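Next one to model:
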Amino acid sequence: MKYKSQKIAYWFFAFSMLVFAIQLTYGFIMGFARVGMDGLHEWIPFNTAHTVHLNSLVVWLLSGFMGAAYYIIPEETENELCCVKLAYVQLITLAVVAVAALVGYHINYWEGRKFLEIPRPLDWLVAINVILFLFILLMTIIKGKRKTTTSLVLFGGLVGAALLYLPGMISFNSQILDSFFRWWVVHLWVEGVWELIMGGILSFLLIKLTGVDREVIEKWLYVIIALTFLSGILGTGHHYYYIGVNKIWLIIGGIFSSLEPLAFLGMTLWALAMYSKGEKKHPNKLAIYWTLNAAIVSFLGAGLLGLAHTLPQTNIYTHGTLVTAMHGHLAFWGAYASIVLAIMYYAMPNITGRKFYNHTRGKLAFWLANIGIFTMVAAFAAAGVAQVYLERKLSFDFGQVQNELQVHFWVLITGATILSTGIILLLIDFIKYGMPTDEALVEA
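Numbering: from 1, shown residues only. Predicted coordinates for the structure are as follows:
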């Protein structure tokens, strides 16, 4: 690492991995409940497990983004991170909020709004935490020796994520208005500003790993931004029809949702082109694997499966079914989980000074995790198609259909086991790197 303050990223990555493990654990609780093995129902009912699973995903990804920003911004600005002690305070408060929310979910203290179940008082603590985070980054950028496109896009995405969280904190008496603005948070995060964050991290990694000139890589970053905003903002409309808003939004949402794969295709072609132009001499092959994985799988999950699922002619049948879970799992894995793991694998050797670049355990973790997630997605796809046909074409009862789908959830559990084996190996990798050390500091 070039700057001593970059060590703070390690602790955000460590917290991220801990919450990731919690998410996987509650995923298994849900999976076994789906096949009738619901022995924990008295203590952890399905709705609680579902809430923890979804919200822990958001927490570990956000923590990963924060760690990435704390590692990237000092290098991009050529300046030590501002207010390092405040960054540690911010990490502690983030952990406190996460633990308080987790406890709240288990005692039925939540809002009951998907992805935004966190109790309302904790919303304000999240807002303060994010303001503190953005203040630290802003002061670092202002005091920095240079301002790069990569750092500004990353910071802009983080600011956008903070601003779009605010509509989810407004209370409405109308269910339609509440759902309308909830989608501002949920959809415009994952298919809007989070893509900017992903683009910023991807740009940094491509510059470091390929050796291609910064000007070339950052020029294409502008194209990604344009495609993201063109498709993502109005693409939100495909959700509105189902909450009672005018039918025109189904058409608008369908048209612009169909453009969303272009942003991810552009990102994929960008990453592959830069890699092919590069020297391919960087020793950190695992960081390269995860970087290319983020670009390619995000196109498959968020792009192609998103398009197949959200076209109005299809979505009228698939909306709210397990087809949604098929799209969601591969989209989050490709676009956001993989990019967080990529920056971690790049940063950890530099933070700790232990150059574990190209070892069997890391490669096995990569392949098992991807094989596992694709197995899960296949299971969700088969279950989703069967569910759509039985429920929405043949009008079978919901409960009856769920019983018929149990066989697919055994495949899902198998895939989740393979995925979790890969993640366990990844966690062992993380532990093997050890703690950050000042000895890893090199001349900028």
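
Could you measure from the residue in the chain sticking out farthest from the centre over to residue 41?
Here the chain reaches farthest from its C-alpha mean at residue 394, the gap being 35.8 Å by CA atoms, centre = their mean. Distance of residue 394 to residue 41, given as CB to CB, to the nearest Å: 29 Å. For glycine as for every other residue, the C-beta is placed from the backbone atoms N, C-alpha and C.

and what of residue 195?
In terms of CB to CB, residue 195 sits 38 Å off from residue 41.

again, but for residue 289
The spacing between residue 289 and residue 41, counted by CB to CB, is 39 Å.

ok, those two, which is more surrounded?
residue 289 (21 against 13; other CB atoms under 10 Å).

wouldn't that one be in contact with residue 366 here?
Yes - between residue 289 and residue 366 there is a contact under CB atoms under 8 Å: 5.2 Å.

sec struct for residue 396, please.
Following DSSP: H, G, I helix; E, B strand; the rest coil, we place residue 396 in the coil state.

what's the closest non-adjacent residue to it?
In this structure, residue 396 finds its nearest non-sequential neighbour in residue 390, 4.4 Å apart by CB to CB, 6 or more residues apart in numbering.

thinking that neighbour is in contact with residue 404, fair?
Yes - at 6.6 Å, residue 390 and residue 404 qualify as touching, with contact defined as CB under 8 Å.

which neighbours do these two share?
Residues touching both residue 390 and residue 404 by CB atoms under 8 Å, 6 or more residues apart in numbering: residue 396.

I'd guessed residue 351 sits against residue 7; true?
Yes - in this structure, residue 351 is within contact of residue 7 by CB under 8 Å, at 5.9 Å.

so what sits against both of the two?
Shared contacts of residue 351 and residue 7 (CB under 8 Å, 6+ apart): 1, 436.

Who has more neighbours out of those two?
The neighbour count for residue 351 versus residue 7, taken as other CB under 10 Å, is higher for residue 351 (24 against 21).

For residue 246, what is the enclosing helix or strand?
In this structure, residue 246 sits in neither a helix nor a strand according to DSSP states H and E.

again, but for residue 96
Using DSSP H and E, residue 96 sits within helix 84-106.

packing partners for that helix?
helix 8-34, helix 46-77, helix 120-143 (3 or more CB pairs under 8 Å, 6 or more residues apart in numbering; DSSP states H and E).

Which among those helices is found nearest to residue 1?
Relative to residue 1, the nearest member of the helices and strands packed on helix 84-106 by CB to CB is helix 46-77, separated by 7.8 Å.

quick one: contacts for residue 100?
Here residue 100 is in contact with 119, 122 (CB under 8 Å, 6+ apart).

how close does it get to residue 439?
37 Å.

Leaving out sequence neighbours, find the closest residue to residue 34.
That would be residue 409: by CB to CB, 6+ apart, it lies 4.3 Å from residue 34.

if I read this right, that neighbour contacts residue 35, doesn't it?
Yes - counting by CB under 8 Å, residue 409 does reach residue 35; the two are 5.0 Å apart.

quick one, which of those two is more surrounded?
Shown here are residue 409 and residue 35; by other CB under 10 Å, residue 409 has more neighbours (22 against 16).

just checking, what packs against the strand or helix carrying the more buried one?
Following DSSP H and E, one finds residue 409 within helix 406-433. Applying 3+ CB pairs under 8 Å, 6+ apart, one finds that helix 406-433 makes contact with helix 8-34, helix 338-352, helix 360-387.

quick one, that helix and helix 360-387 angle?
160 degrees (axes from the mean of the first three to the mean of the last three CA atoms, to 10 degrees).

circling back to that earlier point, list the buried ones in the helix holding residue 96?
The neighbour-count check on helix 84-106 (16 or more other CB atoms under 10 Å) flags 84, 87, 90-91, 93-95, 97-98, 100-102, 104-105 as buried.

What of stretch 343-361?
343-353, 356.

okay if I get these as a markdown table plus pLDDT and distance to residue 257?
A markdown table is the format used below for the buried residues of stretch 343-361 (pLDDT from 0 to 100; distance: CB to CB, whole Å):
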| residue | pLDDT | distance to residue 257 |
| --- | --- | --- |
| 343 | 97 | 28 |
| 344 | 97 | 31 |
| 345 | 96 | 32 |
| 346 | 95 | 32 |
| 347 | 95 | 34 |
| 348 | 94 | 37 |
| 349 | 93 | 39 |
| 350 | 92 | 39 |
| 351 | 93 | 39 |
| 352 | 92 | 42 |
| 353 | 89 | 46 |
| 356 | 81 | 41 |
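
Return the member of those residues nearest to residue 232.
Nearest to residue 232 out of the buried residues of stretch 343-361 is residue 343 (CB to CB; 22.2 Å).

If we ignore the residues flanking it in sequence, what's nearest that closest one?
Nearest to residue 343 is residue 68, by CB to CB, 6+ apart, at 4.4 Å.

ok, now which ones touch the one you found?
Shown in contact with residue 68 (CB under 8 Å, 6+ apart): 9, 154, 201, 340, 343, 347.
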